[in-house]
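**Q** Take this sequence and fold it.
(2 chains)
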Amino acid sequence: MTDRRHDISQPLTSIIRNGLLIQNPIFVLGLGLCSALAVTARVTNALAMGIGVMCISILSSLIASLISSVTHGRVRLPVYMLIISTLVICFDRVLQAWYPVVSDQMGPYVGLIITNCIILSRMETVAARSRAWEAVSDAFAVSAGYMLSLVAIAMVRELLAFGTVVGFHVMGEGWQPWAVMAMSPGSFIILAIFVWITRSCVTVKEDI
Amino acid sequence: MNPKKSIWLTLTITACVCSVLIVVTVAITEPYIKRNRQIKEYTAVLDVFGLSSTPDTVMEQFQKNCSASPDGQYIAYKDTSGVVLGRAYFIEGAGFWGKIKLLIAMNLDADRIMGISVLEHNETPGLGARITESDFLQNFSGKKIVPKIVIKPQADPDVECEVDAITGATETSKALERIINQHISLLTSKGELCD
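**A** Numbering: from 1, shown residues only, chains lettered A, B, ... in the order given. Take a look at the predicted model:
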């Protein structure tokens, strides 16, 4: 197997910038939208989901990078799927056992981290051909971008839908909640506005 | 090594390692998860009987005050001398979006609600989901369910079987009313009193 490791080597700052902005998974790449729509009615849920995806993404990218020389190219994807599923199941069980409150709030969405394409895409495009520290920092940067995007959407939705931010009342007594913001259409609207803003600020290369 | 062999080897090793990891995690977490589930259920039961508890005391208090009926249909609430004061039933039915699971406590005469709690639901956040709020659920305590419960807007607080509906959640309120009324014969049966 040829070593392609040096091709994409880049400094840490550019990896971070890349994950947060240039390749922001939600606002620019449009990956993981399903969870972005589902768990963003409350900031705490968005944060919990973001932390979950970050832990699993970092671990899976690290493993993918470590085993890249011994995995045959043709079975790379099945192996990655097994790794992600195992980590997610373990994460879900740990949450249920020691953090039942968080687990109750996230409901089925913890299990759905398995289908979050951000994790798999980082393993396949970066981790499989990078050194361990690069794989880890890339996974961290991209999932941080994911988490911040989720929190940004959730801030707006929670404020408009419930008049609260992270559970604290910030709107006055007379605040009329926007019910639509608590439901899926609300998240589509807010997501679209954020995508619009981000894409106006960042030059997106569409030549993929 | 020939490629075919290496593919099989990779997959087998990965699958084995992953399986072992999952089995170990499940084995370690199982007792904690079971306990959490029990705490949640017991807290809900104590709650509908109007008893407050903390996660640390819930097990002890449940054993002191409650016991399941021999046929498993309800949970009986007893005072310290063992006299039955009420019964709690788990009932469920279709809500607006999905299943609603309720725990409902009846008084000894089986005609009035002592307390009610929503265990599971899929109602609209911010609207129908407000059926889980204690401000709404409190309205049920002391209400008569014979001949039937009525959940409607601007309910008359003096009418014994009327409960105020949630504004903006007509369908969920109706569903709740339907679920309770469907189970009236179960809820009003006095059952075999266990001791």
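**Q** Residue B:101: what secondary structure?
**A** strand (DSSP: H, G, I helix; E, B strand; the rest coil).
**Q** Tell me the residues on chain B that lie near chain A, please.
**A** B:3, B:6-7, B:10-11, B:14-15, B:18, B:21-22, B:25-26, B:28-29, B:32-33, B:36, B:40, B:124-127, B:168 (C-beta under 8 Å from any C-beta of the partner chain). All C-beta atoms are positioned from the backbone trio N, CA, C, and that covers glycine.
**Q** and those residues, which are buried?
**A** Buried members of those, counted by 16 or more other C-beta atoms under 10 Å in any protein chain shown: B:7, B:10-11, B:14, B:18, B:22, B:25, B:29, B:33, B:36, B:124-127.
**Q** Return the member of the residues you listed nearest to residue A:18.
**A** Nearest to residue A:18, judged by C-beta to C-beta, of these is residue B:14 at 29.3 Å.
**Q** so the closest one sits in a strand?
**A** No: using three-state DSSP, the assignment for residue B:14 is helix, not a strand.
**Q** List the residues that contact it.
**A** Residues near residue B:14 by C-beta atoms under 8 Å, 6 or more residues apart in numbering or on different chains: A:78-79, A:82-83.
**Q** one step back: among the buried ones among the residues of chain B next to chain A, which one sits closest to residue A:133?
**A** residue B:14 (23.3 Å).
**Q** Leaving out sequence neighbours, find the closest residue to residue A:175.
**A** residue A:163 (4.2 Å; C-beta to C-beta, 6 or more residues apart in numbering or on different chains).
**Q** how about the longest strand anywhere in chain B: buried residues?
**A** In chain B, with assignment by DSSP state E, the single longest strand is strand B:84-94. Buried positions in strand B:84-94, judged by neighbour count with 16+ other C-beta under 10 Å: B:84, B:86-93.
**Q** Report the secondary structure state of the most centrally placed residue in chain B.
**A** When C-alpha atoms, centre = their mean is applied to chain B, the residue found nearest the centroid is residue B:119 (3.3 Å). Put simply, residue B:119 is strand when judged by three-state DSSP.
**Q** Pull the contacting residues for it.
**A** Per C-beta under 8 Å, 6+ apart, neighbours of residue B:119: B:44, B:90, B:101-103.
**Q** Buried residues, stretch B:139-156. List them.
**A** Judged by neighbour count using 16+ other C-beta under 10 Å, the buried positions of stretch B:139-156 are B:139-140, B:143, B:145, B:149-151, B:155.
**Q** what ranges of the chain fall below the confidence cut-off?
**A** Since no chain was named, I'll use chain A. Applying pLDDT under 70 to chain A flags the ranges A:1-9, A:204-208.
**Q** Hmm, no, I was thinking of chain B.
**A** B:1, B:190-195.
**Q** Mind jotting down where the strands sit in it?
**A** B:66-68, B:74-78, B:84-94, B:99-107, B:113-120, B:150-152, B:162-164.
**Q** For the last one, could you pull out the residues that count as buried?
**A** Going back to what we said before, that points to strand B:162-164. Buried-residue list, strand B:162-164, by 16+ other C-beta under 10 Å: B:162-163.
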